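>>> pasted the sequence and its predicted model underneath.
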Amino acid sequence: MDFEQARFNMVEQQIRPWDVLDLRVLDLLSVVKREDFVPEALRNLAFVDTPLPLGNGAFLLPPRLEARLVQELRLQPTDRVLEVGTATGYITALLAKSSQQVYSVDINPDMTTQARRNLQKAGIGNATLSTGDGLLGLTANAPYNAIVLTGSVTAVPEALKAQLAIGGRLVAIVGSEPAMSLTIVTRVSETEYHTFKQVETNCPPLVGGTVAPAFVF
């Protein structure tokens, strides 16, 4: 298989048409080889426009959605990032190439092990991985300039919003099938958040990712 041609087709036919136009993000897709983060049995499917199942409820998002999530974070080289749902480490690598430090947590220890191996092979040294319930965040390393969830949730967890730095952005796919939206939450003060639903989309849920909306009195 010609991976470079497949990568070019992925960018031109899937990613650019989905309004991923940030040249920094597009350049990253050539630097971080997606096929190196796909299990060997799925390697020839590394660039298809569909979620790839990894077992035990884990999955890789479609490439266009991965790229869009990274773009909407608007990362800076000095940013500290929390990723919820490490999977095989591909999005982790994209984040690490765009920021100062990434903290990534996955509920599945096998995914953590696989991602750590993939990131080491890719020469990524600024990503710290752990296993646990990412919907609770990682308070020890908070606050974060950016938080990204790599699977859908029914509502944005309050615990994650509380770990955003003022001015920080959280990007997630929020809702239930068939009504989900790519949602951006910006923390504007200690007590205020701005929430913007950007585009309708769909993706599998995070394992353990059913978060009940907060009660409104």
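Received the coordinates, thanks.

>>> that's a strand at Thr92, yeah?
No - note on Thr92: no strand contains this position according to DSSP: H, G, I helix; E, B strand; the rest coil, which reports helix.

>>> can you give me the helices in this structure?
Secondary structure of the chain (DSSP state H): helices located at 3-10, 23-31, 63-73, 90-96, 109-121, 158-161.

>>> out of those helices, which comes closest to Ser152?
helix 63-73 (10.3 Å; CB to CB). For the C-beta atoms, the positions are set from N, CA and C on the backbone; glycine is no exception.

>>> give me the contact list for that closest one.
Outside helix 63-73, the residues within contact range by CB atoms under 8 Å, 6 or more residues apart in numbering are 10, 14-15, 17-22, 25-26, 28-29, 34, 47, 49, 60-61, 81, 90-91, 94-95, 98, 146, 148, 150, 169, 171, 173, 182, 184, 198-199, 201, 203.

>>> with stretch 54-61 instead?
Looking at stretch 54-61 with CB under 8 Å, 6+ apart, the contacting residues turn out to be 37-39, 51-53, 66, 69, 87-88, 90-91, 106, 108, 110-111, 150-151, 203-204, 207.

>>> how about a cut-off of 10 Å?
Stretch 54-61 has contacts (CB atoms under 10 Å, 6 or more residues apart in numbering) with 34, 37-39, 42, 45-46, 50-53, 66-69, 85-88, 90-91, 106-108, 110-111, 114, 150-152, 173, 201, 203-209.
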